[in-house]
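Asks: Quick one, structure for this:
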Amino acid sequence: MTPVSPLEIGIDVPWVTSWSEEPQLGVSRCPSVDGQLAIAQQINPGAGQPLYARNHLFRQRKSVREMRCPMCGELTREDDRWSQIAEPTTAGALRAKGFGPVLPTAMPDTRPLLNCGVIAPLHLACAQAALAGCPHLGQMSDRELKRFPKSWVVAPIWIEARPPLPQTKSVAVVSFLQLIGVEDEDVGGAPGSQST
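Replies: The predicted structure is shown next:
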């Protein structure tokens, strides 16, 4: 039996972090992406050693879809959502990277967006604690926390899953969810709208 780590999830280790006793399990339908095929991973947080450089696949998707803080795992409020790694970009730049299908067609290429990658916004207190305690975040050149916009778009990051038998077809499955904050104006739906 693997011992439970003395490290506290949400304090010493981000909630979204994978642990060494949470292996990938292949592909299955996942509630985090409305039953679409996704990479599955065992859920056993706190077992073994934290793998700080790896987000747990299910918890990452859940954090983006539900706006859960990646540090503590609790829901964030609209007035308390902050990004540590978001980079200003435009709709045109994201379309050039292949994210065009999830952006509204009427959105001009010059529209300012916030590329948050696969990291959901954090509570301000959690973001400050993470910046103070995480060596990787501490080495970032841009340490300014950015307020997360009221509207956003979620884009699935698809990968090709190859079955073990060579004569069977491969299939596209969701790995992570990309988060794109929409600055200023709404995307054409209610604030906080999502596309997946």
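
Asks: Isn't residue 122 up against residue 67?
Replies: No - contact criterion CB atoms under 8 Å: residue 122 and residue 67 do not qualify, at 10.3 Å. (Each C-beta comes from the backbone N, C-alpha and C, glycine too.)

Asks: shared neighbours, the two?
Replies: 76, 81 (CB atoms under 8 Å, 6 or more residues apart in numbering).

Asks: residues in contact with the most centrally placed residue in the chain?
Replies: Nearest to the geometric centre of the chain sits residue 118, at 3.2 Å (CA atoms, centre = their mean). Residue 118 sits next to 55, 60, 64, 157, 176-179 when contact means CB under 8 Å, 6+ apart.

Asks: Which one's more surrounded, residue 122 and residue 67?
Replies: Legend: neighbour count by other CB atoms under 10 Å for residue 122 and residue 67, higher for residue 122 (27 against 19).

Asks: low-scoring stretches of this protein, by residue?
Replies: 1-2, 138, 164-167, 184-196 (pLDDT under 70).

Asks: all helices of it, in order?
Replies: 57-66, 91-94, 124-133, 135-138 (DSSP state H).

Asks: Tell me which of those is the most buried.
Replies: helix 57-66 (a mean of 23; mean count of other CB atoms under 10 Å).

Asks: Run through who's touching it.
Replies: In contact with helix 57-66 (CB under 8 Å, 6+ apart) are residues 15-16, 18, 24, 30, 32-33, 38-41, 43, 45, 68-70, 73, 75, 118, 120, 154, 174-179, 194, 196.

Asks: mind redoing it with 6 Å?
Replies: 16, 32, 39, 41, 70, 118, 120, 154, 176-177, 179 (CB atoms under 6 Å, 6 or more residues apart in numbering).

Asks: Which of the residues you listed are buried? Put it as a PyMOL command.
Replies: The PyMOL selection below is limited to those of the contacts of helix 57-66 classed as buried (16 or more other CB atoms under 10 Å):
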select buried, resi 16+32+39+41+70+118+120+154+176+177+179
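
Asks: In CSV, list the contacts of helix 57-66 along with distance to residue 163.
Replies: Shown next, in CSV, are the contacts of helix 57-66 (distance: CB to CB, whole Å):
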residue, distance to residue 163
16, 29
32, 22
39, 14
41, 19
70, 32
118, 26
120, 31
154, 27
176, 21
177, 24
179, 30
